[in-house]
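Novice: Here is a sequence with its predicted model. Questions after.
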Amino acid sequence: MTPFGRKVRELRRERGVTMKEMAAALRVTPAYLSALEHGRRGRPSWRLVQAIIGYFNVIWDEAEEMERLARLSHPRIVIDTSGLAPQATELANRLAEEIADMTPGETASLLALLDARKRRPMRPR
């Protein structure tokens, strides 16, 4: 399941909406919506994300959060490390090899590290 799929499922359940009802309203198939929730489809289009935001009538911060989750929800990501340091290529490959065996705590720790890095001031190169 992707972060976006998890959020859509959460909203559907909170509001008592079936997948079939939501799919009909969005003019997609229930199978597509299920695949989107479970991460078996690629990142949703901007138009579909906006339709889902409108369907659930979410506003401001929650709408921005859904857009952010959609950007981070491509289940088959490709990382281009050409032109970067060899350690960057090693990191990308090791993560690809090991992510399936990581515990939720290990994954959360790596995400926290990236979040902390994003918050600190950028150093000049």
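Specialist: Sure thing, it's come through.
Novice: Next, the contact list for the residue at minimal distance from the centre of the chain, please.
Specialist: For the chain, residue 73 is the residue whose C-alpha lies nearest the centre (Cα atoms, centre = their mean; 2.5 Å). Applying Cβ atoms under 8 Å, 6 or more residues apart in numbering, one finds that residue 73 lies in contact with 2-5, 39, 43-44. All C-beta spots, glycine's among them, are computed from the backbone N, C-alpha and C.
Novice: how does the protein divide into domains?
Specialist: Recorded structural domains for the chain (assignment: automatic domain parsing) are 3-71, 86-119.
Novice: State whether residue 67 and residue 45 are indeed in contact, as I suppose.
Specialist: No - if you go by Cβ atoms under 8 Å, residue 67 and residue 45 don't touch, sitting 11.7 Å apart.
Novice: more neighbours, these two?
Specialist: Legend: neighbour count by other Cβ atoms under 10 Å for residue 67 and residue 45, higher for residue 67 (15 against 10).
Novice: Run through who's touching the helix or strand that one falls within.
Specialist: Assignment of secondary structure by DSSP states H and E places residue 67 within helix 60-71. With Cβ under 8 Å, 6+ apart as the test, helix 60-71 has contacts from 2-4, 7, 43-44, 46, 49, 52-53, 58.
Novice: how does it look with 7 Å?
Specialist: Contacting residues not belonging to helix 60-71 are listed as 3-4, 7, 43-44, 49, 53, 58 [Cβ atoms under 7 Å, 6 or more residues apart in numbering].
Novice: Check stretch 46-54 too.
Specialist: The contact list for stretch 46-54 (Cβ under 7 Å, 6+ apart) reads 8, 26, 63, 66-67, 70.
Novice: That one: which residues count as buried?
Specialist: 48-49, 51-53 (16 or more other Cβ atoms under 10 Å).
Novice: picking that back up, what distance do you get for the residue nearest to the centre of the chain to residue 21?
Specialist: When distance is defined by Cβ to Cβ, to the nearest Å, residue 73 is 22 Å away from residue 21.
Novice: same deal with residue 88?
Specialist: Taking Cβ to Cβ as the criterion, residue 88 is separated from residue 21 by 45 Å.
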